[in-house]
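> Whatever this is, show me its structure:
(4 chains, ligands or ions: 2)
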Amino acid sequence: MANEFPFFAAHPELTYLDSAATAQKPQAVIDALVHYYVNDNANVHRGLYTLAYNTTEAYEAVRGQVAQFINAKTPSQIVFTRSTTDGLNLVAASFGPLVVHAGDEILVSGAEHHSNFIPWQQLAKRTGAKFVVAPVTKAGNTDPAAVAQLITKRTKIVALAQVTNVAGGVVPLAPLADQVHAVGGYLVVDGAQAVAHMKVDVQALGADFYAFSGHKLYGPTGIGVLYGRQALLAEMPPVQFGGEMIDEVLDAQSTWAPVPLKFEAGTPNIAGVFGLRAALAFMAGLDMKAVAAQDHALVLRLRAGLLAIPGVTVYGDAHSAGIVSFNLQGVHPHDVATVLDEAHIAVRAGHHCAQPLMARLGVPATVRASFGVYNTAADVDKLVAGVAEARRLFHEFD
Amino acid sequence: MANEFPFFAAHPELTYLDSAATAQKPQAVIDALVHYYVNDNANVHRGLYTLAYNTTEAYEAVRGQVAQFINAKTPSQIVFTRSTTDGLNLVAASFGPLVVHAGDEILVSGAEHHSNFIPWQQLAKRTGAKFVVAPVTKAGNTDPAAVAQLITKRTKIVALAQVTNVAGGVVPLAPLADQVHAVGGYLVVDGAQAVAHMKVDVQALGADFYAFSGHKLYGPTGIGVLYGRQALLAEMPPVQFGGEMIDEVLDAQSTWAPVPLKFEAGTPNIAGVFGLRAALAFMAGLDMKAVAAQDHALVLRLRAGLLAIPGVTVYGDAHSAGIVSFNLQGVHPHDVATVLDEAHIAVRAGHHCAQPLMARLGVPATVRASFGVYNTAADVDKLVAGVAEARRLFHEFD
Amino acid sequence: MSLTKLDQLYRQVILDEANHPRHHGVLKAPTHAVTLRNPSCGDVLTLQLQVKDGKIQDAAFAGSGCTISQASGSLMTDQIIGKTPAQVAAMVTAFSDLVINGSVPDEQILGSAAILKGVHQFPARIKCATLAWKAAAQALTEGDQHD
Amino acid sequence: MSLTKLDQLYRQVILDEANHPRHHGVLKAPTHAVTLRNPSCGDVLTLQLQVKDGKIQDAAFAGSGCTISQASGSLMTDQIIGKTPAQVAAMVTAFSDLVINGSVPDEQILGSAAILKGVHQFPARIKCATLAWKAAAQALTEGDQHD
Ligand SMILES: Cc1ncc(COP(=O)(O)O)c(C=O)c1O
Ligand SMILES: Cc1ncc(COP(=O)(O)O)c(C=O)c1O
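Ligands and ions are numbered 1, 2, ... in the order given. Model prediction:
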C-alpha cells in the first residue's frame, strides 16, 4: 500500500505515525491536482466557454461523489469548506444563533478537539446560553452515558466528534441523535477522525450536520466538507458574502443563491475539490472492513507493546480507530518525541488541540501515534522499540 | 513565456483571455505543489518531529516573502486566507463592528466586485450605518473625485478595489487614504486584480487592509492573503475558532494566539502556501515594467481593433490594467461568447460579480477579455477577428 | 463545421423569435408567477400564467437574457397556452431531454419549440434554453402558493 | 551518532536541573511578572522577577514543560540573579544565538546556562530552550507595566 504514496519513497527511513494530524497522499491525488492545473484550470460558475463550463460541471459533480461517500440524500447538501474547522465554525456562526438563545444549553464532550469546542463555547457566550461539558471516561474517551445524562429540555445543540482525536474512541451517535432530536435539539458531528477509518452514513447517524477535512482523508489541504440537513441549510444565513453566492445584488440589499452556493462565497479551492474527488476514488477502492481490521490489529499490537514497557500509561482502549495516546512516566512527551524523532519515528507530542481533555486527564500533554492505510506491524514495532529506548535513556540518566 | 505554462501545451488551440477570473499556472507552481506533497507534507504548528518542524518553518517563512512582495513592514501582518473574498469578509466581520456604529458611513465605489460590496452592505445593515455607493465614470471605472467628495466626518470605512474587474481602471488610492485617515476612518483595499499587474506597496498606498488571491497571481486556488496594519490586527477578535489560533482553552473561556495565528483556525491550506511561494518567486522573476508595458500594448491593440468594428462599445480606457470589457450592439454578450468559444477563444460574458456596476452602465452584462503574462498580440487579433465574425453572423441573420 | 453548429443554434426563426418575442410583458390577472435567475450569467426571467378550468389560458414572460433564453421564453409561452398543467409538465421534461440529448421520442409535443434542439451541441447554453421551462414547472407546482 | 546528539541534549546536569529545578515557585514581592505559552506544544512558563537598585534581586519560575524548558528556566533564573537588566538583555541575545548556532563569542556571560548549547542540533526544541529567556526579556521591557 505504501508504494502508492510517493512520500514514502522520498522518505525511506521515516516511520510516519501522525496521520491523525494529516495523512500522506496517494500518487492519484497528486496526479489529480497536476491534471487539474494542466488541463482544467478555469474559474467555476462564471464562464460560458467550454473549458469553464466543463470544469464547473466536474466541480459540481464532486458533490454527488461526496454525498455518496457519506450517504447524504442529495448533492446539494454538500458544502465545500476549507476544513473541518471551517465547517464547524460555519454551523456555529450561521445555524447557532437561529436555534440557541439565552438560557438554552449547548453540550459537548470534554474530549472534543478545540475546533469542536471553542466555537460552541463562544456561541454560548454570545447568546447567553449555558455551555455544558460532559465528563469523559478514565481512558480519555467521550462517555456516551454522561452525554446522554446531560441532555435536557433546554439542550439545543449537541456537538460531538464521531472519533475523538486523542484516545481514538468511536462514539455511538445514533441513540444520542434520537435523544437530542426528541427534545428539539440538533446533533453536530465532527467527522475529522472518522472518515478515513470507517464507512460513514450521516443518515444512520442521525447527524444534522457533519464536517470533515480532505487532508485527513488522503486528500489535499485547504478543502473540507460540511454536510447539513436540507431544511436547516435552507434557512441558514450565509456567513461570507461575495461572488457566486448571490441571487441578486442591488445597492440597498442583496438576495442569496440557493444551498449550497449560498455558503461558498468567492472562488473556491477548485483544485482542492478535484483532489478530493481523487481521494474519494482512492477510498472507494479500499475495503473498509479490511481497513478497520488493520487498524484494530495495529492498535492491539501497539497497546500490548507499550504496556509491556514499565512506566507507560496508554489512553483509550482496544477499540480505538487507529489512534493511540500514551505517556512515559517521568519523561515529558516532548522529550519522548525527540528521542523517537532521532530514530526517524514521527509521532505527535502535545495537547493535540484538546486542552480540556488534557486538564481532565491531569497531564500537560501526551504522545500520540496514529495510523494510515500505509502503516504496518513493522512501524508499530519500531515505535515500541523507540519508546523502550527512550525509557532506557532517561532511566540511565536518572 | 507561454511555454512556462503547461496549460497552453495541453490546449494548443485555445486563446485564453480570462486571467482576471483565474490565471494559468507556471510549471514551477505545479511542481511546488507536487514537491510539497511528496517531500514536505506534515501538519504545521503541531508536530515536534523534524519533518513537521521544517514544514512549519517553511510555511511561516512565506509570510516574509509575501510581506516583501507587497512591502509590508513585518511578516506577522500577513494572514493566510482562502481568497480575496475570505480576507475582505474577515475584515468586515472582525474589524467592522469595532469601528462602525449606527449613524456612521461606509463608502464603496459603484464599480466594486460583489466581494468588496456585499460584506460592507451587510455590515452597514447590521450596525445601522449608512452604506454609500459612489458614482462611477461613464467608462465604468471608479471615480476618485466622486469618492473623495463622499468622504465625510462619519466615514469609518472606505473599501475600494485598486484595479476594478470590469473596466480595469487603476484607482489612485494614496490621496484617498490620506483623506479617510484625516477623518479617522480606514481604507480597505481589494487587490485581487492589481497584484499580477503592478508592483504593490501597501505602505505607499496607505492601505489599512489589503486582500488578494493566489489564483489570480499564477498561484494555486484556495489560498489568499490579508494584510493589515499591525495595531488593527492586534485588536481584532478572531472570526473562527479551533486549532492553532489559541493561547489557552479552559472550559469557561479561551484566549487567543497573537497575530497572525489568531486568524488562522484549523489546518490551513499548507500546500497552497507552498504554491503561493512559487508564484511569488515567479513574479519576482518578472520585470514589472515590462509586464505593464505589455498590458498597455495589448489593451491599446484590443481597444483599437474593437472600436474599428461597427456597433462595438468598449468600456474603460487605454490605461486599463489588462482588462477590456465591451459589448456588441444588438447581440447579447452570452451569444458573443458562444461564437468566440466556437473559435476557441475563452472570454467571460456576464455581470462579472459586479451587478451594481451593470446597473450603472445600463446593461445586463458585458463581454470581458483579460490578459496574463502569456498573452500576445496574436491573441488580441484572434479576439478582434472573432468579434467581427460574431457581428457578421448576427448581422447576416438580421 | 463550427459554422454549421452555430447555424443550427442561431437559426433565423430563433433569432426572429428572440428579437420579436411573443407573449412578452405582463398579464392583467395572473394566477401564477415566478421569477428565476441564472446567477452565474445574470439572466432573469419572470413568468406569469393564468390558469383557469384546468388549462393555461394565457402566459407572459419578461426579463432580459440572451438570444436563446428569449427565444425559448417566446416559444415556450406560445406552446403551453391551451395545455393542461399535466401536459406542460410532460413538455418541460421533453424539452429538457431534447436540449440535453438532441432528440427525444415525443418531440412533436413541443411543437415549434423543438427548433431549439441545436442547443444540445452547446452544453454551456442549456441553462439559457431551459430557464423559461423551469419557470413554468415551478410556477405550476408552487407559484400559486406565493401569489 | 544519534545517541551522541541525544547525549549532548540530555546531559546529566541538564536532567538534574530539570528534575530538581532551582528557583521554582513564586516570589513574595515580585516587581515584574510574565506568563508565556508555547501554544503549539502546550508549554507554559510564568516568570517573576524582583528588581531593585537596578539589579535582579530574585527570580522564580513556575509552569510545566519538557526537560529542556525546565532546565532552561532553572539555569536562566540562577544566572540572571545579581545582574542588571542590560546585562540580562545581552544574555538573552547570547543564549538565543547559542542555541540556534551552537556557539557564540560571548558564551562565558551565560555561565552554566551555556550547557544547553546541544539544543542547536534539535531545531524543533529551540523554542523550549528560549521560552524562559523570552519571558525574562519581556518581563524586563513590559512586564512592569502590567503589574
Ligand atoms: C476586484 C475583485 N475583487 C474580488 C474578487 C474575488 O476574488 P476571489 O474570488 O478569489 O475571492 C475578484 C475576482 O473575482 C475581483 O476581480
Ligand atoms: C477531532 C478533530 N476535529 C477537528 C479537527 C480539525 O481539523 P482541521 O484542522 O482539518 O480543520 C481535527 C484535526 O486536527 C480533529 O482531529
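> State the distance from the residue lying closest to residue A:223 once chain neighbours are set aside to residue A:241.
Distance criterion Cβ to Cβ, 6 or more residues apart in numbering or on different chains; nearest residue to residue A:223, sequence neighbours excluded, is residue A:272 at 3.1 Å. Any C-beta I mention is one placed from the backbone N, CA and C, and that applies to glycine too. As judged by Cβ to Cβ, to the nearest Å, residue A:272 and residue A:241 stand 21 Å apart.
> just residue A:305 next, same as before
Distance, residue A:305 to residue A:241, using Cβ to Cβ: 53 Å.
> contacting residues for the closest residue to residue C:96 other than its chain neighbours?
Nearest residue to residue C:96, sequence neighbours excluded (Cβ to Cβ, 6+ apart): residue C:130, at 5.6 Å. Residues in contact with residue C:130 (Cβ atoms under 8 Å, 6 or more residues apart in numbering or on different chains) are C:72, C:95, C:96, C:99.
> Which pLDDT value belongs to residue C:130?
Listed pLDDT for residue C:130 reads 96.
> any idea how far chain B is from it?
Separation of residue C:130 from chain B (Cβ to the nearest Cβ, to the nearest Å) stands at 14 Å.
> What of residue C:99?
Using Cβ to the nearest Cβ, we find residue C:99 at a distance of 14 Å from chain B.
> was I right about that residue contacting residue C:115?
No: at 10.9 Å, residue C:99 does not count as touching residue C:115 under the criterion of Cβ atoms under 8 Å.
> So for these two, which sits in the more crowded spot?
Shown here are residue C:99 and residue C:115; by other Cβ atoms under 10 Å in any protein chain shown, residue C:99 has more neighbours (28 against 16).
> The more buried one - nearest residue in space that isn't next to it in sequence?
Closest to residue C:99 by Cβ to Cβ, 6+ apart is residue C:119, at 4.3 Å.
> part of a helix, is that neighbour?
Yes: assigned with DSSP: H, G, I helix; E, B strand; the rest coil, residue C:119 falls within a helix.
> how about it, what does it touch?
With Cβ under 8 Å, 6+ apart, residue C:119 has these contacts: C:9, C:68, C:99, C:125, C:126, C:128, C:129.
> quick one: the first one and chain D, what's the gap?
Read that as residue C:9. From residue C:9 to chain D the distance is 59 Å (Cβ to the nearest Cβ).
> thought that residue was touching residue C:122?
Yes: using Cβ under 8 Å, residue C:9 is in contact with residue C:122, at 5.9 Å.
> Overlap of the contact sets of the two?
Both residue C:9 and residue C:122 are in contact with residue B:338, where contact means Cβ under 8 Å, 6+ apart.
> can you list the residues of chain C near chain B?
C:2, C:5-6, C:9-10, C:12, C:15, C:40-44, C:64-68, C:122, C:124-125, C:128 (Cβ under 8 Å from any Cβ of the partner chain).
> Just the ones of those residues in strands?
Within the residues of chain C next to chain B, residues falling in strands by DSSP state E are C:43, C:44, C:64.
> ok, now which ones touch the residue nearest to residue A:223?
Contact analysis of residue A:272 by Cβ under 8 Å, 6+ apart lists A:80, A:214, A:219, A:220, A:221, A:222, A:223, B:221, B:222, B:269.
> confidence score at residue C:146?
For residue C:146, the pLDDT comes out at 41.
> same check, this time on residue A:201
For residue A:201, the predicted pLDDT is 98.
> again with the one 3 residues further on
You'll see residue A:204 listed with a pLDDT of 98.
> list the contacts for residue 112?
Picking chain A for this. The contact partners of residue A:112, by Cβ under 8 Å, 6+ apart, come to A:142, A:159, A:160, A:161, A:164, A:190, A:354, A:356, A:357.
> The chain in question should be chain C.
Taking Cβ under 8 Å, 6+ apart, we find residue C:112 in contact with C:13, C:75, C:78, C:79.
> same thing but at 6 Å, please
Shown in contact with residue C:112 (Cβ atoms under 6 Å, 6 or more residues apart in numbering or on different chains): residue C:75.
> Then it would be within a helix, right?
Yes: under three-state DSSP, residue C:112 sits within a helix.
> Could you give the number of residues near the spatially closest residue to residue A:44 that is not a sequence neighbour?
Closest residue to residue A:44 apart from its sequence neighbours, by Cβ to Cβ, 6+ apart: residue A:56 at 4.4 Å. By other Cβ under 10 Å, the residues close to residue A:56 number 20.
> Using PDB, write out every CA atom in the helix or strand encompassing residue A:56.
Element membership of residue A:56, judged by DSSP states H and E, is helix A:50-70. Once non-C-alpha atoms are left out, helix A:50-70 reads as follows in PDB (Å, rounded to 0.1, in the frame of the first residue of the first chain):
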ATOM      1  CA  THR A  50     -16.400  25.200 -22.900                       C
ATOM      2  CA  LEU A  51     -13.400  24.900 -20.600                       C
ATOM      3  CA  ALA A  52     -15.100  26.800 -17.800                       C
ATOM      4  CA  TYR A  53     -18.400  25.000 -18.300                       C
ATOM      5  CA  ASN A  54     -16.800  21.600 -18.200                       C
ATOM      6  CA  THR A  55     -14.800  22.500 -15.100                       C
ATOM      7  CA  THR A  56     -17.900  23.800 -13.400                       C
ATOM      8  CA  GLU A  57     -19.800  20.600 -14.200                       C
ATOM      9  CA  ALA A  58     -17.000  18.500 -12.900                       C
ATOM     10  CA  TYR A  59     -16.700  20.600  -9.800                       C
ATOM     11  CA  GLU A  60     -20.400  20.300  -9.100                       C
ATOM     12  CA  ALA A  61     -20.400  16.500  -9.800                       C
ATOM     13  CA  VAL A  62     -18.000  16.000  -6.900                       C
ATOM     14  CA  ARG A  63     -20.800  17.000  -4.600                       C
ATOM     15  CA  GLY A  64     -22.600  13.900  -5.700                       C
ATOM     16  CA  GLN A  65     -19.500  11.800  -5.000                       C
ATOM     17  CA  VAL A  66     -19.200  13.200  -1.500                       C
ATOM     18  CA  ALA A  67     -22.900  12.700  -1.000                       C
ATOM     19  CA  GLN A  68     -22.500   9.000  -1.900                       C
ATOM     20  CA  PHE A  69     -19.400   8.700   0.300                       C
ATOM     21  CA  ILE A  70     -21.300   9.800   3.500                       C
END
